[in-house]
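Engineer: fold the following.
(one chain, ligands or ions: 1)
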Amino acid sequence: MKLCAECRERRAALRRPRNGSELCKECFYLALETEVHETIVRTQLFRRGERVALGASGGKDSTVLAHILTTLNARHDYGLDLQLLSIDEGIRGYRDDSLETVKRNERQYGIPLTVCSYKDLYGWTMDEIVAQIGTKNNCTFCGVFRRQALDRGAALIGADKIATGHNADDMAETVLLNFLRADTARLGRCHSIITGQEGSLPRVKPLKYVYEKEIVMYAYFKNLDYFSTECTYSPFAARGLAREFIKDLELARPRAIIDLIQAAEQFRIQGDVGRPPSQPGTCSRCGYLSSQKICKACLLLEGLEKGRPRLGIGRVKQGAA
Ligand code: SF4
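Structural biologist: The predicted structure follows:
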């Protein structure tokens, strides 16, 4: 094995998928952490004293996010108050196990954990929803509920921002999907490192430029404690196809992932193309943020409670995880 291209002292332990450089573990950790730090500084992602809710699923992305942000917060004295926030969708054999991982992360990183469940917030678990609607539109319900649940949980703990573990591969997939769907409104904003400033809590994605393979390597070499089982109800056909396509692109040309994100960053969507910009307001039923009179979560709940789940689905086009 060659010497590390950076320190020239230790043996290289890996070849970085992002740029092919051969590094030892220590130089890889430092390179990746420094890149995330530079992204945070360049995009002014945080302000000193902010309370940041880290969306924590127990998976590799959110575990690496918690680890890196804890490290950088101490190393660069960001002055952030980090908190773990988990959403319990109520999926037996999946979320109950992954929540055990997050509880261990709470002790390992010394970050307080808050768990918000669909059952408490909406009166339904995902297991109960799937028992009623089957596995066709389950991710539509789950995505809408999770989005609101994260906002409600973050408000509960007094957070100023929500940070999620979305990585470069996730971003590239979303860009591609929105392009294929000709969803110009989402295409214009899906690449942003910070969203939701127009009303709800801002959401930030500090790992936006970090390749998934490098997140896996970082978690593996650091022996981080994370949960790697897929959700029991994870069909996600369209996103799965986009994911495979991007993996093939990456094989042929590793820069393809970053190039897709950077191409999207340069799109300029004309104001009169796509849907009109939504006006932030509040739902007349639950009082949470909504651009419509009744929010999507309430529409979906109404359909469930009437035993006619398609009532809400007709007006909600997107699934999300
Ligand atoms: Fe929810 Fe994701 Fe499972 Fe779909 S795949 S049901 S969005 S956790």
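Engineer: would you map the strands across the chain?
Structural biologist: Taking DSSP state E as the test, the strands found in the chain are 14-15, 22-23, 51-55, 81-88, 113-117, 161-163, 194-195, 203-204, 281-282, 289-290.
Engineer: which among these is found nearest to the ligand?
Structural biologist: strand 81-88 (9.0 Å; Cβ to the nearest ligand atom). C-betas here are computed from N, CA, C, even on glycine.
Engineer: model confidence for the closest residue to K208 other than its chain neighbours, exactly?
Structural biologist: Closest residue in space to K208, ignoring its immediate chain neighbours: I193 at 4.9 Å, by Cβ to Cβ, 6 or more residues apart in numbering. Per-residue confidence (pLDDT) for I193: 95.
Engineer: got it, and G79?
Structural biologist: 98.
Engineer: show me the contacts for it.
Structural biologist: 48-49, 73 (Cβ atoms under 8 Å, 6 or more residues apart in numbering).
Engineer: which non-adjacent residue is nearest the residue of the stretch 151-300 of the chain found nearest the ligand?
Structural biologist: At 3.1 Å from the ligand, C231 is the closest residue in the stretch 151-300 of the chain, using Cβ to the nearest ligand atom. Residue nearest to C231 in three dimensions, not counting chain neighbours: Y94, with 5.2 Å by Cβ to Cβ, 6+ apart.
Engineer: so the one you found touches T232, yeah?
Structural biologist: Yes. Look at Y94 against T232 with Cβ atoms under 8 Å: they come within range, at 5.1 Å.
Engineer: which one's more surrounded, those two?
Structural biologist: Set Y94 next to T232 and count neighbours by other Cβ atoms under 10 Å: Y94 wins out with 20 against 15.
Engineer: one step back: and of the contacts of G79, the nearest to E22?
Structural biologist: N73 (29.7 Å; Cβ to Cβ).
Engineer: could you find the closest non-adjacent residue to that closest one?
Structural biologist: Closest to N73 by Cβ to Cβ, 6+ apart is L80, at 5.1 Å.
Engineer: cool, and L85?
Structural biologist: A53 (4.2 Å).
Engineer: can you get me a residue count around that neighbour?
Structural biologist: As a burial measure, A53 scores 27 neighbours (other Cβ under 10 Å).
Engineer: hang on, the earlier thing: what subset of the contacts of G79 is also close to the ligand?
Structural biologist: With Cβ under 6 Å from any ligand atom as the criterion, the contacts of G79 include none near the ligand.
Engineer: let's see if you can find the most crowded of those.
Structural biologist: Neighbour max across those (other Cβ under 10 Å) = N73, 17 neighbours.
Engineer: from L65, how far out is that residue?
Structural biologist: 12 Å (Cβ to Cβ, to the nearest Å).
Engineer: that older thread, export the strands of the chain to JSON lines and append columns for distance to the ligand.
Structural biologist: Output for the strands of the chain, formatted as JSON lines (distance: least, Cβ to the nearest ligand atom, whole Å):
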{"stretch": "strand 14-15", "distance to the ligand": "30"}
{"stretch": "strand 22-23", "distance to the ligand": "33"}
{"stretch": "strand 51-55", "distance to the ligand": "12"}
{"stretch": "strand 81-88", "distance to the ligand": "9"}
{"stretch": "strand 113-117", "distance to the ligand": "13"}
{"stretch": "strand 161-163", "distance to the ligand": "17"}
{"stretch": "strand 194-195", "distance to the ligand": "18"}
{"stretch": "strand 203-204", "distance to the ligand": "17"}
{"stretch": "strand 281-282", "distance to the ligand": "25"}
{"stretch": "strand 289-290", "distance to the ligand": "20"}
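Engineer: got CSV for these, with distance to I257 too?
Structural biologist: CSV is the format used below for the strands of the chain (distance: least, Cβ to Cβ, whole Å):
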stretch, distance to I257
strand 14-15, 16
strand 22-23, 19
strand 51-55, 22
strand 81-88, 27
strand 113-117, 31
strand 161-163, 21
strand 194-195, 20
strand 203-204, 20
strand 281-282, 36
strand 289-290, 32
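Engineer: can you pull the contacts of the residue nearest to the spatial centre of the chain?
Structural biologist: Among the residues of the chain, the one closest to the centroid is H166, at 3.7 Å (Cα atoms, centre = their mean). Listed by Cβ under 8 Å, 6+ apart, the contact set of H166 reads 61, 205, 207-208.
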